[in-house]
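In: sharing a sequence plus its predicted fold:
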Amino acid sequence: MKRMFGIVAAMAATGVAACSAKDAAKTDTTTPAQAAAPAAPASKASFDPATHVAVIHAKDFAFDSPDSITAGWTTFHFVNDGPGLHHAQLVRLDSGKTVADLQSALKVPGPLPHWIVEVGGPNAPDPSSQTDATMNLEPGQYAFLCFVDIPNHEPHFSKGMVRGLRVLPGTATATSPEPTSDATVTLADYSFTIQGSLNAGKHTIKVVNKGPQPHEIELIRLAPGKTMKDIGEWFAKMDGPPPLSAIGGVAGFSAATTTYMTADLTPGNYAFICFIPDAKDGKPHVEHGMTKEFKVN
């Protein structure tokens, strides 16, 4: 990187030396290094207080997200700019803890401290894809994390995918309504129960965690001719193209909590999966049978 910067700076200096005498007579306070420095990319993140929609972009390995939003029902529109798989796990930091405290805690092996509370967030869609998740947030300090560890089993938060979010008190005129759903998926130890018809088309799905542990809902579409056994074998080796497409869902959220997700379903075979580590043995909940296959006609 230092060598690259040196080459760019030298090219800028050569350009200045080649200016005409007329140009040289002009006052120019820009140094070669300043002329060479690329402009910082404009943020794509946003928050619309009228609609309560926050836009988040993710890439290898950073979040581009709003610094603050207001409390209430908020839809997070998550765009995965890739090239890897990412999600935006949202956690609330209780007991006056800060993002710096969170980063320190993440370096310690074992369960997360009690003051780190999982509240949802958009789960992982494929690169160059997007998804929506909606949560009811109270004021406080929050942070986005990416726990995805594909491809080398190193969680992306250890590579810099941690970003704070401040949720500010809202006003009576800025409240947002709870979404209206056309289907409900209830999560429990260790099952998914679907109420309503998940046929082809767009859906707003109510997601309820009956607990007693935190759970997540990741929606996948199986590749034609592939089974859950094929998916399990692929996750074990991570060899070759994945036999699935990641659609999205809701990242980990606590028991007795309601969230919402959207999905635009096309005909095919799908499954809901929970990868949250179990509180008793540390195994992902999928290993306890927490999957639910369904077909869309």
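Out: That came through fine. Numbering: from 1, shown residues only.

In: centroid-nearest residue for the protein?
Out: Geometric centre of the chain, nearest residue: Ala88, 1.9 Å, by C-alpha atoms, centre = their mean.

In: pretty sure Val119 is one of the things that residue touches, is it not?
Out: No. In this structure, Ala88 is not within contact of Val119 by C-beta atoms under 8 Å, at 11.3 Å. (C-beta placed from N, C-alpha, C; glycine too.)

In: and Asn199, what does it touch?
Out: The contact partners of Asn199, by C-beta atoms under 8 Å, 6 or more residues apart in numbering, come to 265, 296-297.

In: distance of it from Val208?
Out: In this view, Asn199 and Val208 are 21 Å apart by C-beta to C-beta, to the nearest Å.

In: just Pro139 next, same as before
Out: On the measure of C-beta to C-beta, Pro139 and Val208 end up 23 Å apart.

In: please apply the same query to Phe235.
Out: In terms of C-beta to C-beta, Phe235 sits 27 Å off from Val208.

In: give me the more crowded residue out of the two.
Out: The neighbour comparison of Phe235 against Val208 (other C-beta atoms under 10 Å) goes to Val208, with 20 against 16.

In: what sits against the more buried one?
Out: Val208 touches 184-187, 257-258, counting by C-beta under 8 Å, 6+ apart.

In: give me the element it is part of.
Out: According to DSSP states H and E, Val208 maps onto strand 201-209.

In: okay, now the sheet partners of that strand, with direction.
Out: Strand 201-209 has its sheet partners listed here by DSSP bridges as strand 183-188 (parallel), strand 257-265 (antiparallel).

In: hmm, who's touching the next helix or strand after the first one?
Out: When you say that, I think you mean strand 183-188. Counting by DSSP H and E, the next helix or strand C-terminal to strand 183-188 is strand 191-195. By C-beta under 8 Å, 6+ apart, the residues outside strand 191-195 that reach it are 183-186, 217, 272, 274, 289-292, 294.

In: buried only: go through those residues for me.
Out: Among these, those classed as buried by 16 or more other C-beta atoms under 10 Å are 183, 185-186, 217, 272, 274, 290-292.

In: now for those: which two are most distant?
Out: The distance between the two most remote of the buried ones among the contacts of strand 191-195 (C-beta to C-beta) is 18.6 Å, for Ala183 and Met290.

In: want to throw the strands paired with strand 201-209 into CSV with mean pLDDT and distance to Ser245?
Out: Below are the strands paired with strand 201-209 laid out as CSV (pLDDT from 0 to 100; distance: least, C-beta to C-beta, whole Å):
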stretch, mean pLDDT, distance to Ser245
strand 183-188, 98, 19
strand 257-265, 98, 12
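
In: so which of these is nearest Pro66?
Out: Of all the strands paired with strand 201-209, strand 257-265 comes closest under C-beta to C-beta, at 19.0 Å.

In: number of nearby residues for Glu154?
Out: 12.

In: same question, Ser104
Out: Ser104 is flanked by 11 other residues according to other C-beta under 10 Å.

In: ok so, going back, so which of the strands paired with strand 201-209 gets nearest Trp115?
Out: Closest approach to Trp115 among the strands paired with strand 201-209 (C-beta to C-beta): strand 257-265, 17.0 Å.
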